[in-house]
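[1] 3D, please:
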Amino acid sequence: MILVDSNIPMYLVGSPHPHKSDAQRLLEQLVNERLQEIMIGSFRDVVSYAEKHKVDNRTAAYMLALDRVAFAIKLRGIYA
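    Residues are numbered from 1 along each chain as shown. Reported below is the predicted structural model:
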C-alpha cells in the first residue's frame, strides 16, 4: 500500500506551483510501477495457462478471460 500526501494531487490541479512538476513525476512513477506489476503478473498467468492447456498464448488469454468471467458470474449467483 502506498500512502500519498494529500498535497500532491492538489499540486497537480491547482495554479502553477514550484512542486507541480515533482508531483507529476512522482505520481507517474507510482502509476507506471503498479502497471508494470500488473502486466508482468498477467503475462505470467497467460503463459502458465498456455503451458497447462497446451495452447498458444492468444488462445490461453481468451480461455483465461472466459474462466475469470465465469467465476465472477458464479460468485454473484444466477439472479445477480
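[2] Endpoint to endpoint, stretch 43-62 covers what distance?
    13 Å (CA to CA, to the nearest Å).
[3] Which residues does it contact?
    Under the criterion CB atoms under 8 Å, 6 or more residues apart in numbering, residues Met63, Leu64 lie in contact with stretch 43-62. In this view, the C-beta of every residue, glycine as well, is placed from N, C-alpha and C.
[4] Name the residues of it that come out as buried.
    Within stretch 43-62, the residues scored as buried using 16 or more other CB atoms under 10 Å are Val46, Tyr49, Ala50, Ala60, Ala61.
[5] Next: stretch 22-40.
    Ala23, Leu26.
[6] Tell me the gap between it and the middle of its chain.
    In terms of CA atoms, centre = their mean, to the nearest Å, the centre of stretch 22-40 is found 10 Å from the chain centre.
[7] Then stretch 68-80?
    Here stretch 68-80 shows a centroid-to-chain-centroid distance of 21 Å under the convention CA atoms, centre = their mean.
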